[in-house]
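Participant: the following block contains a protein sequence and its predicted model.
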Amino acid sequence: MNPNQALWEKGDFTRIAASMRQSGEEFANSLHVTPGMKVLDLGCGDGTTALPLAQLGADVTGIDIARNLVEAGNRRAGEAGLINLHFEEGDACELLGVADASFDLTLSVFGAMFAPQPFDVAREMVRITRPGGRIVMGNWIPGDPTFVAQVLKISSAFTPPPPDGFVSPMTWGVRSHVVERFGQAGVPEDRIATVEDTFVFRAPKHSPAEVIALFRQFYGPSMIAFEAAEASGRADELHGQLIELAEAQNTSRNGGTTLPATFLRATVSL
Ligand SMILES: C[S@@+](CC[C@H](N)C(=O)[O-])C[C@H]1O[C@@H](n2cnc3c(N)ncnc32)[C@H](O)[C@@H]1O
């Protein structure tokens, strides 16, 4: 099985996504979609941004490599009574069956950044977006001090070294890499805007320790790190570092957890 698919199907990202809904809606609102606009959400999970985009009237397709999330997304679309939203399985590195120039807007929020072949991802996003259309990516930033970048950094320190040739997903959070990848797909640098933005995880009913427990149980990259840490007798150390991080970054004053996380927003105008 494709290891990237195995990683994301291993967990249940819906349990993490529950803390992302409000920021997902805010992200969707910031895109100024118009009714009938054709939108692709790539690496869409269970529809954190795809669902509010459909509620704004766009005609939305969500593509994700994890079949459990595609199923969860289609269930959410049905429950919300949205006939302009559907989810299907696909790999951002090779979007089989997706025609050239078929979307006005291609979006990927912390999704396509995790696909293993970044140059193929950029080429595919450009191919399927129509001339005059837009590509918007949200990517975590390597070394950033805020929550998710640090969870991934701490987790990777407990995970076995990646295979030769592995390109860190975090490189998508660096402008020069974004420019190089879309440049190779034919997009000039002056068509690529990047800006730092904030995405907030909100879990009003969970303490920071409970949020970390959710990551341990359901977030693929953390699950892998905990498995490796358990094997080497370091699980308590990993657990302690993640709890310390979540407690230090929590901005909630009501006993819940609110974790702001900085990301790079890249907008490519075709
Ligand atoms: C951190 S989650 C973000 C999900 C969603 N965009 C959100 O904001 O809630 C990363 C998502 O990317 C998906 N993904 C990872 N690699 C992928 C690939 N090669 N092609 C398509 N989706 C991929 C995962 O299955 C997962 O749903």
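Facilitator: That came through fine. Residues are numbered from 1 along each chain as shown.
Participant: which residue packs closest to the residue nearest the centre of the chain, ignoring adjacent ones?
Facilitator: Most central in the chain under C-alpha atoms, centre = their mean is Phe110, positioned 2.0 Å from the mean C-alpha point. Closest residue in space to Phe110, ignoring its immediate chain neighbours: Gly138 at 5.6 Å, by C-beta to C-beta, 6 or more residues apart in numbering. Any C-beta I mention is one placed from the backbone N, CA and C, and that applies to glycine too.
Participant: quickly note the distance from that neighbour to the ligand.
Facilitator: According to C-beta to the nearest ligand atom, to the nearest Å, Gly138 and the ligand sit 8 Å apart.
Participant: surely that residue and Val109 touch.
Facilitator: Yes - counting by C-beta atoms under 8 Å, Gly138 does reach Val109; the two are 4.2 Å apart.
Participant: which of the two has more neighbours?
Facilitator: Per other C-beta atoms under 10 Å, whichever of Gly138 and Val109 has more neighbours is Val109, with 26 against 22.
Participant: need the contact list for the more buried one.
Facilitator: Neighbour list for Val109: Gly24, Phe27, Asp41, Gly43, Thr48, Thr49, Met137, Gly138, Phe199 [criterion: C-beta atoms under 8 Å, 6 or more residues apart in numbering].
Participant: do the same with Thr258
Facilitator: Neighbouring residues of Thr258 by C-beta under 8 Å, 6+ apart: Val200, Phe201, Arg202, Ala203, Pro204, Asn250, Thr251, Ser252.
Participant: paired strands for the helix or strand that contains it, with orientation please.
Facilitator: For Thr258, the host element (DSSP states H and E) is strand 257-269. Using DSSP bridges, strand 257-269 pairs in its sheet with strand 129-140 (antiparallel), strand 192-203 (antiparallel).
Participant: winner for burial among the ones you listed?
Facilitator: Among the strands paired with strand 257-269, the stretch with the highest mean neighbour count (mean count of other C-beta atoms under 10 Å) is strand 129-140, at a mean of 20.
Participant: report the angle between the axes of the next helix-or-strand element following that strand and strand 129-140?
Facilitator: Following strand 129-140 in sequence order, the next helix or strand is helix 147-157 (DSSP H and E). Computed by axes from the mean of the first three to the mean of the last three C-alpha atoms, to 10 degrees, the angle separating helix 147-157 from strand 129-140 equals 70 degrees.
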